[in-house]
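Q: heads up, no residue letters with this:
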């Protein structure tokens with residue numbers, strides 16, 4: 001009775017926006033902010049791409065430990081503990097940056113952030129389904145997505161702009177980024193405290209035994225995992241999951257270094273603050289709009305109709321970076337337009353990818369199979385991204401962007417291997 005009363009007093013508006021903002025920020029910090037920061041601190045493109053690429057691993061193997069998050073303690077407690085760990089880890093990164101061993105030490109702490117963030121994702125998404133009714137889950141799904149996007153803008157945009165302004169005003173690049181991670185540390189410790197007061201108590205530790213022992217969960221997961229690899233058309237599906245984003249997996253690791261590198265190194269020579277505006281704000285807006293329009297289009301004609309056009313959308317828009325690498329002193333407006341077009345095309349084309357994961361996961365164990373699909377999705381970003389910096393340093397930015405266009409053959413080619421029900425994705429009247 002008390003739990004029910006607490007749940008009624010806590011409006012979902014009080015915790016859904018902050019919970020999904022908190023889910024988005026660590027991912028952005030690990031995947032994007034770290035790349036910009038290391039570039040500004042003088043790390044080579046090869047090392048940036050290789051070592052930050054490894055940070056995808058927790059999201060690759062996330063399905064392996066997600067069942068155990070469900071049986072050890074409560075999802076609410078996992079959320080609070082992970083937010084506190086992330087807050088402390090951000091503080092440690094801030095302290096390591098001024099030292100001579102900053103690269104090794106900060107990378108080690110980024111690993112902690114990555115594993116804590118992946119675990120937080122599991123707990124937060126599970127908690128969302130427990131704390132809300134089916135109707136509320138549908139109603140608030142747009143809100144959670146919106147605040148996850150806001151976190152992307154705040155991380156890749158606002159925080160990078162803050163770092164750029166501090167770099168200019170203090171002349172001390174390590175100090176500027178230490179301040180940024182200090183801000184993130186305070187923010188996440190605050191999230192942990194706030195959510196400890198506001199998140200409804202939907203579970204109790206005594207309930208954990210009802211979900212089975214660790215041994216039983218492990219056996220069940222083995223069954224689910226085996227059934228995934230026995231699904232019809234598994235080979236084409238895996239090739240699609242791993243290769244559809246091959247160009248973007250490499251681009252995403254080199255876009256910010258390209259924007260930051262001076263013209264004599266083949267880059268565009270933008271300031272840190274400019275990059276925060278171009279990629280972290282304009283780019284995110286393009287990505288979001290592309291995703292929204294892609295969703296509307298898929299609902300009208302279905303996945304099968306849009307699969308190949310969306311693959312072409314992801315491919316052709318990569319030409320914008322080929323153009324920027326050859327253009328002489330392009331204006332900031334031109335750079336913004338090109339980044340917007342490329343990110344819009346990626347957002348539009350990514351709709352087909354996510355819809356296919358849902359389509360392939362249908363049937364028994366759909367939730368678990370979708371989780372495994374997301375692991376392959378992360379692997380498809382991780383492996384090409386790790387090699388991207390080395391490739392660029394071998395052949396230069398111009399040839400690298402031409403190489404990503406060659407990789408678009410894989411993006412388009414794998415769509416011809418798939419067999420999709422023509423009615424899937426079409427909105428029913």
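A: Happy to help now that I have it. Because the structure is predicted, anything quoted here is derived from the model rather than measured. Numbering: from 1, shown residues only.

Q: Now for the closest residue to residue 166 other than its chain neighbours, how many residues are close by?
A: Of all residues beyond its chain neighbours, the one nearest residue 166 is residue 176 (3.5 Å), with distances taken as CB to CB, 6 or more residues apart in numbering. Any C-beta I mention is one placed from the backbone N, CA and C, and that applies to glycine too. Using other CB atoms under 10 Å, residue 176 has 22 other residues around it.

Q: Check which helix or strand residue 176 maps to.
A: Here residue 176, judged by DSSP states H and E, is contained in helix 173-198.

Q: Point out where the stretch 1-150 of the chain drops to low pLDDT.
A: Under the criterion of pLDDT under 70, the regions of the stretch 1-150 of the chain flagged as low confidence span 1-9, 134, 138, 142.

Q: Can you get me a residue count around the nearest residue in space to residue 51 that is not next to it in sequence?
A: By the measure of CB to CB, 6+ apart, the closest residue to residue 51 outside its immediate chain neighbours is residue 107, 5.7 Å from it. When neighbours are counted by other CB under 10 Å, residue 107 registers 19.

Q: returning to that earlier point: I'd say the residue nearest to residue 166 and residue 159 touch.
A: No: between residue 176 and residue 159 there is no contact under CB atoms under 8 Å: 10.8 Å.

Q: circling back: quick one: the residue nearest to residue 51 and residue 121, what's the gap?
A: For residue 107, the distance to residue 121 under the criterion CB to CB, to the nearest Å works out to 21 Å.

Q: same check, this time on residue 331
A: Taking CB to CB as the measure, residue 331 falls 39 Å from residue 121.

Q: Then residue 15?
A: On the measure of CB to CB, residue 15 and residue 121 end up 16 Å apart.

Q: for residue 73, same thing?
A: Taken as CB to CB, the spacing of residue 73 relative to residue 121 amounts to 16 Å.

Q: pretty sure the residue nearest to residue 51 contacts residue 53?
A: No: look at residue 107 against residue 53 with CB under 8 Å: they stay out of range, at 11.5 Å.

Q: Would you confirm that residue 271 contacts residue 168?
A: Yes: look at residue 271 against residue 168 with CB under 8 Å: they come within range, at 7.4 Å.

Q: Between the two, point out the one with more neighbours.
A: The residue with the greater number of neighbours, taking residue 271 and residue 168 and applying other CB under 10 Å, is residue 271; the counts read 16 against 12.

Q: per-residue pLDDT, that one?
A: According to the predicted model, the pLDDT of residue 271 comes to 94.

Q: got the contact list for it?
A: For residue 271, the residues meeting the contact criterion (CB atoms under 8 Å, 6 or more residues apart in numbering) are 164, 167, 168.

Q: can you list the residues you listed in TSV and add distance to residue 284 and secondary structure?
A: Converted to TSV, the contacts of residue 271 look like this (distance: CB to CB, whole Å; DSSP: H, G, I helix; E, B strand; the rest coil):
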residue	distance to residue 284	secondary structure
164	17	helix
167	21	helix
168	23	helix
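
Q: Find the residue closest to residue 41 in space, skipping its chain neighbours.
A: For residue 41, ignoring the flanking residues on the chain, the nearest one in space by CB to CB, 6+ apart is residue 173 at 6.2 Å.
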